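Undergrad: Quick one: sequence plus predicted model below, questions after.
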Amino acid sequence: MATFKNLVLLGIVCSFFVVTSAITDEEAMEVMTFLTSFGYLNFNNIMGPSEIKSSKAVERAVTNFQKFYNITVTGKMDSKTLEAMKKPRCGVPDPTMPNENGTALGGRLAKRYALTGGRWESSTVTYRILNYPRNAATRERISDSEVNAIIHRAFKMWSDYIPLTFQETTGYADIYLSFVSYYHGDYRPFDGTGNAIAHAYFPGTFLDGDIHFDDSERFTQNTQNFNLLHIAAHEIGHSLGLLHTNVYGALMYPVFTGYQPSLLLHSDDIRGIQAVYGSRTNPNPGGPRPTYTSSDVEGCNKIFTAVGYLRGEIFAFQKGRYWRIQRPGVLVTDIDGDLNTHFWYGLPDDVDAGYERWLDSTIIFFKGENYYLFNGNHLMQGPLPISEFTVPSSNESLPNNIDTVLTFGEYYKTYFFKDDLVWRYDEKKRQIDPGYPRPISEVFKGIPSDLSAAFRYKDGHTYFLKGKEYYRYNNLRQEADKAGFPRLFGVDFLACNTAEYRENTAENTGTAAVTILMIRL
Ligand code: ZN
């Protein structure tokens, strides 16, 4: 990237000419990567360097970035902006909201901490350190037992101020910490040395509080760059439910600033975490609402007729449109979705349900009395009558107008839901298993009837939607997680405005059918 000095020289040399672009094409692409990686710009804004330099959406995103980072707001990719983007930082996106133009609304934030809306409900939270740094430069500086002590101290920095106790364990844990590099299975690959140093997952969402440190980095203790205590304490802040703050100097500021010999929480961090949990003397059992807002309540209030998981992304369907969710809270499409006709060729509007058949990867959609067979995103066959979905000799056939479908294809079993009943279908025999249909409450403990949609996600959970809410089902324990559920789908998956979104229940009482589409990676 251009240094400030270069730009000054350029300014002098060109002072008699019109300077149209101060940055190189390569720098423009780097800006683009930064803005999309950290929540300032949507992924559907794919542009070339010259478009990036002239794009209004990029200008707005740059403006929001400058506001969040407290640099002079110019909307231009100037030297200060480019330098700020190169600073080593946390890999978690900043609390911004996509709007209809795919740009972020970071400028709407007050100057203070921000909350995800998620939190731990039990007063004891366990953590487990899954592995230790393999990076030789880190190992020279920090032993494994020192890693243990640093992580312990980082947790204590927070528990000093809130009524939570953190307990290390070697078994099942609420929060798993690991040192990993590049692609490590969560669709947020690390980038080698520099840039993203670590990231963490918010409570109540996916990978629930887990923390990943980029093992390509050299971690240190008692010095800067990259001080493991500082970074661990910051990531734990995310694990507890804090987003990034725009208060410079706070622990939850996204950029890892200078080393402080006796690291303490900033008053902004304390206010933020106590807004979630209360203090040790005055606990807050109810929990707060998220502090960020979206102007697009309408986009959030969609009830989806089908939700599925395709090549690592979630697809939600409603009335001829689909929403593509890269990961919870990050939309690839606009908040208003995209037309089915742009991607799902031949798909009817308002499908009830869909899933990917494990045996042959065919994607099957259901609507009313019919089903449709898709090869990828192209219609192969259909409409075909649902009555013919099972083999002709079957005693029991599937009902029409199903609510949703959920496949456990690796076991050749697929579950169809309608009202309060569930049918288990054998994919090999192509018939309903004996004894079915059964009440949903017997088969999926803790899951309600009249479902809208359901899908299995890569975190080992199955998600059941009912109207605007979702329930999380633990596949291993075979029961729904109780604490904190149901939660709002729009909040966790579309990053919707909680205050207005929660209050708008008009569309939540409808009988809109929602379906699960589980598609193999
Ligand atoms: Zn962070």
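TA: Cool, the structure landed.
Undergrad: Show the average pLDDT along the host helix or strand of F166.
TA: F166 is part of strand 165-168 when elements are defined by DSSP states H and E. Throughout strand 165-168, pLDDT has a mean value of 96.
Undergrad: Can I get the following helix or strand past that strand in PDB, CA atoms only?
TA: In the C-terminal direction, the helix or strand that comes right after strand 165-168 (DSSP H and E) is strand 175-180. Included here for strand 175-180 are C-alpha records, laid out as PDB according to Å, rounded to 0.1, in the frame of the first residue of the first chain:
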ATOM      1  CA  ILE A 175     -15.700 -23.000  25.400                       C
ATOM      2  CA  TYR A 176     -13.000 -24.800  23.400                       C
ATOM      3  CA  LEU A 177      -9.700 -22.900  22.700                       C
ATOM      4  CA  SER A 178      -7.300 -24.000  20.000                       C
ATOM      5  CA  PHE A 179      -4.300 -22.900  18.000                       C
ATOM      6  CA  VAL A 180      -5.000 -23.500  14.300                       C
END
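Undergrad: Identify the residues contacting strand 175-180?
TA: The set of residues external to strand 175-180 that reach it, using C-beta atoms under 8 Å, 6 or more residues apart in numbering, is 125-135, 151, 184, 190, 208-215, 232, 236, 239. (C-beta placed from N, C-alpha, C; glycine too.)
Undergrad: Mind checking which of these land in helices?
TA: The helices, defined by DSSP state H, take in 151, 232, 236, 239 from the contacts of strand 175-180.
Undergrad: Let me see the contact set for the first one.
TA: By C-beta under 8 Å, 6+ apart, I151 lies in contact with 127, 129, 168, 177, 232.
Undergrad: Distance of the second one relative to I197?
TA: The gap separating I129 from I197 is 17 Å, by C-beta to C-beta, to the nearest Å.
Undergrad: Compare those two (neighbour count), which wins?
TA: More neighbours surround I197 than the other of I129 and I197, with 25 against 20 (other C-beta atoms under 10 Å).
Undergrad: mind listing what the more buried one touches?
TA: The contact partners of I197, by C-beta under 8 Å, 6+ apart, come to 88-91, 213-214, 217, 226, 231, 256.
Undergrad: Keep only those of these that are also close to the ion.
TA: Within the set of the contacts of I197, contact with the ion (C-beta under 5 Å from the ion) is found for C90.
Undergrad: Specify which member of the contacts of I197 is nearest to the ion.
TA: For the contacts of I197, the minimum distance to the ion (C-beta to the ion) is 2.8 Å, reached by C90.
Undergrad: picking up where we left off before, closest one to F155 out of the contacts of I151, please.
TA: Using C-beta to C-beta, Y127 is the member of these that sits closest to F155, with 6.8 Å.
Undergrad: quick one: the closest one and E168 touch, right?
TA: Yes. Judged on C-beta atoms under 8 Å, Y127 makes contact with E168 at a distance of 6.0 Å.
Undergrad: Which members of the contacts of I197 are the farthest-apart pair?
TA: R89 and F213 (13.7 Å).
Undergrad: of all the residues in the chain, which ones are close to the ion?
TA: Residues of the chain found near the ion (C-beta under 5 Å from the ion) are 90, 92.
Undergrad: Let's see that with 8 Å instead.
TA: Among all residues of the chain, those adjacent to the ion (criterion: C-beta under 8 Å from the ion) are 89-92, 198-200, 234-235, 237-238, 244, 252, 254.
Undergrad: are any of these buried, and which?
TA: Restricting the residues of the chain next to the ion to buried positions leaves 89-92, 198-200, 234-235, 237-238, 244, 252, 254, with burial counted as 16 or more other C-beta atoms under 10 Å.
Undergrad: Please flag which of those residues sit within strands.
TA: Members of these lying in strands (criterion: DSSP state E): 198-200.
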